[in-house]
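Enquirer: Would you be able to build a 3D model of this:
(3 chains)
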Amino acid sequence: MTETLRLSVEGQGLHEITGVIRNWLARQTVSSGLLTLFLRHTSASLLIQENADPSVRRDLECWFNRLVPEGDDLYTHTLEGPDDMPAHIKASLLATSLAVPVLKKELMLGTWQGIFLWEHRYFRGHREVVLHLQADET
Amino acid sequence: MTETLRLSVEGQGLHEITGVIRNWLARQTVSSGLLTLFLRHTSASLLIQENADPSVRRDLECWFNRLVPEGDDLYTHTLEGPDDMPAHIKASLLATSLAVPVLKKELMLGTWQGIFLWEHRYFRGHREVVLHLQADET
Amino acid sequence: MTETLRLSVEGQGLHEITGVIRNWLARQTVSSGLLTLFLRHTSASLLIQENADPSVRRDLECWFNRLVPEGDDLYTHTLEGPDDMPAHIKASLLATSLAVPVLKKELMLGTWQGIFLWEHRYFRGHREVVLHLQADET
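Expert: Numbering: from 1, shown residues only, chains lettered A, B, ... in the order given. Just a heads-up that it's a prediction; the model follows:
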């Protein structure tokens, strides 16, 4: 089963998509298998991180923004705006594809794990995430 | 085939788990396919790196500890201890899921590759790694 | 379907392999499924990034070379040359395995995405990438 989700993002930052993924999974006939998420963009990322305390996410964003600042003299690729080259670098440091095992229609995430779409650009619109669900043999 | 391994860690650092994975694989009936490892935690990571010279691992740990130090003024999430926020950042920079093809019951690792569970916290206890083995069609 | 490709690299830097992967895919009988790429080395990486404007790649390489420079006093693993320990660190920050869904014999990459083999060493020769193609049920 393969489906492309169009997810709305409202600017730079971590957008939790665990609920969207869970809802999608609930509508599939597959009970157990492997879910692969693939992001079709080079200036955003997929991340599994803590979804309990929002201060974790805030510190993560601040830390990455400091590591990969805008306006670095090193950048020559500047035509698409000050947020573009930092976005490509962050996307390289983070993940474009993720795999999560599924058991009895549940993502096998740990207690504190959520799935996030990390938008690196000042962008409001849609991003595409392909979901591929491979069923276990029965 | 899906199984959750509980792996013992003895504090911060790289713990090689290649042997544990190989032993698990030897007990399965599947001969060829794809092994996916999924870590159910947000303050530890999975890594494939050189397992020959221990100085590589030592330098890796030192380098990451310098890049993501404890006590950074940037952190606001400090209630869970000085090692907590650096652990979340390292877990974001490294991998939560990994895939390794399997051929005739052997992991298709390169000569120098080992699989590691990288514990980022001062933690002694157990971490859970889900192993998902998808058989190739025959 | 599992096959190991031997890919030629001509020194440090990003080598696009999207075309090689597409050609390989065209020769397979599988129409839809999941393609997993696995790199059998600890001093090179796989990356999905923009393949349109070459200045993105140039800035990426410069940025990573500045983050992980040669000759850092921290390194104790120096016997294999000044490019060796930086290569292991970059390989840890980037990816060893990637997954891309395949639909009707096409990689489901976004418009601007290409697949790259990132050689971190001053190395001319061959690197091995395992391709594993899992067919969807029909």
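Enquirer: In chain A, where is pLDDT below threshold?
Expert: A:138 (pLDDT under 70).
Enquirer: can you tell me which residue is nearest the centre of it?
Expert: Central residue of chain A (CA atoms, centre = their mean): residue A:46, 2.3 Å from the mean position.
Enquirer: so where does it fall, helix or strand?
Expert: strand A:44-50 (DSSP states H and E).
Enquirer: could you point out which element follows that strand?
Expert: Counting by DSSP H and E, what follows strand A:44-50 is helix A:54-67.
Enquirer: That following helix: which residues count as buried?
Expert: A:56, A:57, A:58, A:59, A:60, A:63, A:64, A:67 (16 or more other CB atoms under 10 Å in any protein chain shown). All C-beta atoms are positioned from the backbone trio N, CA, C, and that covers glycine.
Enquirer: what's the answer for stretch A:73-89, then?
Expert: In stretch A:73-89, the ones that count as buried by 16+ other CB under 10 Å are A:75, A:77, A:84, A:85, A:86, A:87, A:88, A:89.
Enquirer: Whichever residue of chain A sits closest to chain C - nearest residue in space that isn't next to it in sequence?
Expert: For chain A and chain C, the shortest gap (CB to the nearest CB) falls at residue A:40, measuring 3.3 Å. Sequence neighbours aside, residue C:110 is the residue nearest to residue A:40 in space, at 3.3 Å (criterion: CB to CB, 6 or more residues apart in numbering or on different chains).
Enquirer: Surely that neighbour is in contact with residue A:44?
Expert: No - applying CB atoms under 8 Å, one finds residue C:110 not in contact with residue A:44, separated by 10.1 Å.
Enquirer: So these two - more neighbours on which side?
Expert: It is residue A:44, of residue C:110 and residue A:44, that has more neighbours when counted by other CB atoms under 10 Å in any protein chain shown, with 25 against 17.
Enquirer: Contact partners for that one?
Expert: Neighbouring residues of residue A:44 by CB atoms under 8 Å, 6 or more residues apart in numbering or on different chains: A:9, A:87, A:91, A:117, A:118, A:119, A:120, A:121, A:127.
Enquirer: Of the residues you listed - the most surrounded one?
Expert: The contacts of residue A:44, ranked by neighbours (other CB under 10 Å): first place residue A:87, 27 neighbours.
Enquirer: ok, the buried residues of stretch A:73-89 vs chain B, which is closest?
Expert: residue A:89 (12.1 Å).
Enquirer: mind listing what the closest one touches?
Expert: Applying CB under 8 Å, 6+ apart, the residues contacting residue A:89 are A:68, C:59, C:60, C:63.
Enquirer: As a check, name the ranges of all helices in chain A.
Expert: A:18-26, A:54-67, A:84-93 (DSSP state H).
Enquirer: wait, which of the contacts of residue A:44 is closest to residue C:22?
Expert: Proximity of those to residue C:22 was ranked by CB to CB; the top entry is residue A:91 with 21.7 Å.
Enquirer: Might one say that that closest one is in contact with residue A:47?
Expert: No - the pair residue A:91 and residue A:47 does not pass the contact test of CB under 8 Å, sitting 10.9 Å apart.
Enquirer: In CSV, could you pull the C-alpha coordinates for stretch A:119-137?
Expert: C-alpha atoms of stretch A:119-137 as CSV (Å, rounded to 0.1, in the frame of the first residue of the first chain):
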residue,chain,number,x,y,z
GLU,A,119,9.9,22.5,8.0
HIS,A,120,13.2,24.4,7.5
ARG,A,121,11.9,27.2,5.3
TYR,A,122,9.6,30.2,6.0
PHE,A,123,7.0,28.3,4.1
ARG,A,124,3.3,28.0,4.4
GLY,A,125,1.7,25.5,2.2
HIS,A,126,1.9,21.7,1.6
ARG,A,127,4.6,19.1,1.8
GLU,A,128,4.3,15.6,0.4
VAL,A,129,5.1,12.5,2.5
VAL,A,130,4.8,9.1,0.8
LEU,A,131,3.6,6.4,3.1
HIS,A,132,4.5,2.8,2.1
LEU,A,133,3.1,0.0,4.1
GLN,A,134,4.5,-3.5,3.6
ALA,A,135,2.4,-6.3,5.1
ASP,A,136,4.0,-9.2,7.0
GLU,A,137,3.4,-12.6,5.6
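Enquirer: Which part of chain A gets nearest to chain B, residue-wise?
Expert: For chain A, CB to the nearest CB, closest residue to chain B: residue A:110, 3.3 Å.
Enquirer: Report whether the expected contact of that residue with residue B:4 is present.
Expert: No - the pair residue A:110 and residue B:4 fails to qualify as a contact (CB under 8 Å) at a distance of 10.3 Å.
Enquirer: buried sites along the longest strand seen in chain A?
Expert: With secondary structure taken from DSSP state E, chain A has its longest strand at strand A:124-135. Neighbour counts over strand A:124-135 (16+ other CB under 10 Å) mark A:127, A:129, A:130, A:131, A:132, A:133, A:134, A:135 as buried.
Enquirer: quick one: strands adjacent to it?
Expert: Next to strand A:124-135 in the sheet, as set by DSSP bridges, lie strand A:2-10 (antiparallel), strand A:33-39 (antiparallel).
Enquirer: if we can go back for a sec, what residues are bridge-paired with the residue nearest to the centre of chain A?
Expert: residue A:95, residue A:117.
Enquirer: In contact with it, which residues?
Expert: With CB under 8 Å, 6+ apart, residue A:46 has these contacts: A:37, A:39, A:94, A:95, A:96, A:97, A:98, A:115, A:116, A:117, A:118, A:129.
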